[in-house]
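Chemist: here is my input, please return the structure:
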Amino acid sequence: MRIRTLLATVAAVAAVGSLLWWLWGRAPAAPATVATPRPAVGEPTTAVVPPPPIAGVALRAPCAFQPGEGFVYRAELTTKNSVRPRALLAAVMGATARITEDKAPLSEHINSSARWDLHLRVVRLQPDGAALLAARYLGLHYEDGGAAAGQRPVGDTEPPFFVQVNRRCAIDKFGWRATADTTGARTQQALLALVDFALPEREGELEFRGSARDERGTYDYRAALIDVAGARLLTKRKEHYRGQPGLGGMNNVAERVTGDGLSVRLAAGQWYETALLSETRELGPGMELFAKSDISFASRKIGTAPMPIAADPDDGGWVWGDLLGVATASVRQAVDPKLAGLPLEAILAKVAAMAREDGSVSEALALLTAWIAANPGQIPAIGKWIRTQGVGTDADKQLTRRLMQALGSTGLPQARKLLRELALDKGFHTTLRVDAALNLATARNLDKDDLDALLAMSRERVDPRPEDPFATFAGTSGTALLGAAAKLLNEQGADLAQKAIEELEGRLASEKTPEYLKSAIIGAGNSGDPRLLKALAPIIAQGEPELRLEAAGALRLMPMEKTADIFAAWMAKETHDNVKQALVHSMWLNAGDGAKALAAPVVQTALSQFAAPQQDPVREELTHLLGVASKQDAAAKQALVAAFQAELAKGAKGNMELMQVIGQYIDAATLMGKAPPAP
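Modeler: As a prediction, this is how the structure comes out:
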């Protein structure tokens, strides 16, 4: 079993990650170069002087390595994934996440865990103080949905690879064998990059600000050094995330990384002592339609000794690239720019070859989209292939999904017509029907016929049957997708959105079956239309906790000026902690990056709730909400500084998790009492 299985199973690097592969593929990487025999990619072979220690760190700096040193880290990664609506579980995640339609779990929640050991050996130092480390993973073990999905026996290892760490401890680049297994190389890099951080390096500097990118986009970040109970603690937070644009009509499919915080306990003479990461990722139109993943990662040093890792950077045959870089030159050369007149069989063969070579999914989708745009007369042939051959193996279904996505991306009338036909064909594969509707609802140039097709699908009624979890898929998915379509139509300034809003309004008022009512709530949230707040009011006031939970999530895309008073009144009377957590989380997402002041009722409610006793998950969400508010609100900043200093005074007994979250928003000097906490 290869390391790519872990990529397909664990969210962060797996369930949601795999879904991202299906949607976007990887972010464009700088073309990688193949190393030539000695010396490889300019690696020095002469001795160099170690860099001076970083200011403020006792003895040797954490990343002031010596050649031959070795370290062993033990890591654990857990994820809690929620897929909404359930109909999209198999439709969106089926083949990619290795969940087939006949084995999809009944629950909307997919929880995964993994653990592994990371061995590192310092190979050499660079003139600028960076260190080249040989690395390998041992003892990979993971579980999916509570059942053992795979285990690597101790001693069985993935091939060694290289990682270069600079004097600030940040990862500079990776090196892997020039083989076809670039997916495995990406996975190795992704697992290691969970602890990527950078230290300040100038005297008196407590923070470092920089920019970086990952497989989903680019972002800015701030890393702050804090003294806690005599230890050096680093906290890191991503800011101003700029997701990789989708393809064509999928531009409104966007992932959002929130609650991302990395805390690292530093120790002299090694990379780090412990590292803890918490992150929430939301994906889909309106960040609600597809999935939400809560990620928790912990890594700790368990040994220091030279590690016998058989890897020589000078023996040639290594590919060197930056974070998640991939050698795509051969794939790009295979893309024929003369697409007009190219037969369907030929383009499918090209896409299949790209998949075998682990080429970027986004490149494959771009190729299919360009080919359809150049050959609109081939759309009937696409429909015939999908119906006759595209429902066979998992590979066939995955290719069908890519074809559907390319059809939506073009926005051509013939392409949307085919998507309508597939979505409404009750004899067609159930989850592929939903997939066709998904790409129709997010297609370019959405028109009345498209909306009518989604309306018809949403009105399909089948009584829920425990023995058949797919019985209600078409109707519930169609209803949720109505909201996504309404949002897109509103953004286009089309009057058609009113028709979808009225339909959802009626469902919210009259629907009695929980499964269908829940999908209407999700649809309301996906629309982001405040006209539906009145229809949500009875559910907020009297609904069951499960329905209130969905209603809380529905507020995240509504204008804050319309939801602020609702939030304040709701929080004052809500007794269910899960609902409170979801409600605060929605307002936090709604708040964005805090560039604009939050509505006063939201800040005042958050402050009063933060001061009151709360369960830890609710308090953490409130901390994030106040963290965003603190950019513009002095009271919010004062509250967080006071909470931090109260925990700091407790020494080793202080709440490190709370301090870590606060450290993501407030500068270290202010937290340590070295500057007034002005907004």
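Chemist: wait, a helix at residue 571?
Modeler: Yes. Using DSSP: H, G, I helix; E, B strand; the rest coil, the assignment for residue 571 is a helix.
Chemist: what kind of secondary structure is residue 127 in?
Modeler: The local conformation at residue 127, judged by three-state DSSP, is coil.
Chemist: just the one 5 residues further on next, same as before
Modeler: Here residue 132 is strand, with the state taken from three-state DSSP.
Chemist: same thing with residue 118?
Modeler: Going by three-state DSSP: residue 118 is strand.
Chemist: who does it bridge with?
Modeler: Assessed by DSSP bridges, residue 118 has beta-bridge partners residue 73, residue 137.
Chemist: check contacts around it.
Modeler: With contact taken as C-beta atoms under 8 Å, 6 or more residues apart in numbering, residue 118 is in contact with 72-75, 135-137, 191-192, 299. The C-beta positions use only the backbone N, C-alpha and C, and glycine is treated the same way.
Chemist: buried ones in the helix or strand harbouring residue 498?
Modeler: Assigned by DSSP states H and E, residue 498 belongs to helix 497-510. Neighbour-count burial for helix 497-510 flags 497, 499-501, 503-505, 507-508 (criterion: 16 or more other C-beta atoms under 10 Å).
Chemist: can you check stretch 127-136 too?
Modeler: Judged by neighbour count (16+ other C-beta under 10 Å), stretch 127-136 contains these buried residues: 129-136.
Chemist: same deal with stretch 345-353?
Modeler: Within stretch 345-353, the residues scored as buried using 16+ other C-beta under 10 Å are 347-348, 350-351.
Chemist: kindly report the same for stretch 66-78.
Modeler: 69-75, 77-78.
Chemist: before we move on, back to that, can I get the contacts of residue 118 in CSV including distance to residue 208 and pLDDT?
Modeler: Below are those laid out as CSV (distance: C-beta to C-beta, whole Å; pLDDT from 0 to 100):
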residue, distance to residue 208, pLDDT
72, 27, 93
73, 22, 93
74, 27, 93
75, 24, 92
135, 24, 90
136, 29, 89
137, 28, 87
191, 23, 79
192, 20, 79
299, 21, 92
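Chemist: follow-up on the earlier one: who's in contact with the helix holding residue 498?
Modeler: By C-beta under 8 Å, 6+ apart, the residues outside helix 497-510 that reach it are 451, 454-455, 458, 479, 482-483, 485-487, 489-490, 516-517, 520-521, 523-524, 527, 529, 531-532, 535-536, 539.
Chemist: count of residues packed around the closest residue to residue 207 other than its chain neighbours?
Modeler: Nearest non-adjacent residue to residue 207, counting by C-beta to C-beta, 6 or more residues apart in numbering: residue 224, 4.8 Å away. Residue 224 has 23 neighbouring residues, counting by other C-beta atoms under 10 Å.
Chemist: swap in residue 612?
Modeler: There are 10 residues near residue 612, going by other C-beta under 10 Å.
Chemist: in the stretch 51-200 of the chain, which spans are strands?
Modeler: Remark: strands assigned in the stretch 51-200 of the chain by DSSP state E, counting those that start in this stretch are 70-83, 109-125, 131-144, 147-151, 161-165, 171-177.
Chemist: how about residue 486, what does it touch?
Modeler: Contacts for residue 486 (C-beta under 8 Å, 6+ apart) come out as 497, 500-501, 504, 523, 526-527, 529.
Chemist: what backbone torsions are found at residue 632?
Modeler: Main-chain torsions, residue 632, degrees, to the nearest 10: phi -120, psi -10.
Chemist: distance of it from residue 220?
Modeler: Computed as C-beta to C-beta, to the nearest Å, the residue 632 to residue 220 distance reads 18 Å.
Chemist: got it, and residue 308?
Modeler: For residue 308 relative to residue 220 (C-beta to C-beta), the value is 40 Å.
Chemist: these two: who's more crowded?
Modeler: Neighbours were tallied for residue 308 and for residue 220 using other C-beta under 10 Å; the higher tally belongs to residue 220 (15 against 10).
Chemist: nothing else from me, thank you.
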